[in-house]
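Whatever this is, show me its structure:
(one chain, ligands or ions: 1)
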Amino acid sequence: MLPFLAIDAECAAVAYHEASHCCAAHRLQIPFRFVEIIRTDNGGYRGVMRSIAHRTTPRHAVLDLAGACGEARWSGEPILELFRTTAKTDLRMARDACDALGPRHRVDIYSALVQAQKLVEANWSSIERLAIALIERDRLEYDEVLRVLQPPIPVGWRSPRWPRQQASFR
Ligand SMILES: [Zn+2]
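Below you'll find the model as predicted:
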């Protein structure tokens with residue numbers, strides 16, 4: 001059995017959560033240092049994505065909310081429940097990022113959430129690849145994340161062609 005198939009659901013939830021943050025960071029052009037799944041003392045898991053810069057722009061709000069969007073899509077948990085539990089800190093940071101531009105330019109957190117959901121939906125296959133890589137390796141540096149998101153085309157690979165015979169099916 002492949003190692004990532006033997007993993008428990010909590011670890012996978014953390015992996016999908018962190019993979020969604022990473023994918024959002026990449027699409028929003030926000031570099032970070034690394035992402036890691038840490039095993040806690042009580043047998044659980046905790047995810048960390050170590051950023052480089054301070055998080056004070058609306059783009060960062062989308063990045064903060066993306067983790068819960070990906071976790072909700074994978075687990076089927078209602079996103080509001082995640083914002084009360086695993087993504088509580090993310091929600092607080094997203095609020096701070098939305099408020100950072102001051103009252104006149106303040107970004108509505110619900111618009112940021114819609115953006116995050118769209119981003120996760122549009123990049124789901126990349127998020128799945130990243131989640132699997134994270135489960136296998138526990139920690140990925142930023143350049144490793146980029147390699148997973150942009151896999152090189154294998155040597156000798158050709159795009160599949162539909163057999164001609166099947167086109168004239170009578
Ligand atoms: Zn998070």
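
As CSV, could you dump the C-alpha coordinates of whichever strand or helix holds A15?
Here A15 sits within helix 9-27, counting by DSSP states H and E. Presented in CSV, the C-alpha positions along helix 9-27 are these (Å, rounded to 0.1, in the frame of the first residue of the first chain):
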residue,chain,number,x,y,z
ALA,A,9,-8.2,11.6,8.4
GLU,A,10,-6.9,14.3,10.8
CYS,A,11,-3.5,14.3,9.1
ALA,A,12,-5.1,14.5,5.7
ALA,A,13,-7.3,17.4,6.8
VAL,A,14,-4.2,19.3,8.0
ALA,A,15,-2.5,18.5,4.7
TYR,A,16,-5.4,19.7,2.6
HIS,A,17,-5.6,22.9,4.8
GLU,A,18,-1.9,23.7,4.4
ALA,A,19,-1.8,22.7,0.8
SER,A,20,-4.6,25.2,0.1
HIS,A,21,-2.8,28.0,1.9
CYS,A,22,0.4,27.2,-0.2
CYS,A,23,-1.5,27.1,-3.5
ALA,A,24,-3.2,30.4,-2.7
ALA,A,25,0.2,31.9,-1.8
HIS,A,26,1.6,30.8,-5.1
ARG,A,27,-1.3,32.0,-7.2
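
Show me what it is packed against.
Under the contact definition 3 or more CB pairs under 8 Å, 6 or more residues apart in numbering; DSSP states H and E, helix 9-27 sits against strand 32-39, strand 45-51, helix 58-75, helix 109-122, helix 124-137, helix 142-149. Every residue, glycine included, has its C-beta placed from N, CA and C.

what number of residues lie near the residue in the chain that the ion sits nearest to?
Closest approach between the chain and the ion, counting by CB to the ion: G67, at 3.2 Å. For G67, the count of nearby residues is 29 (other CB atoms under 10 Å).

Understood, closing this out.
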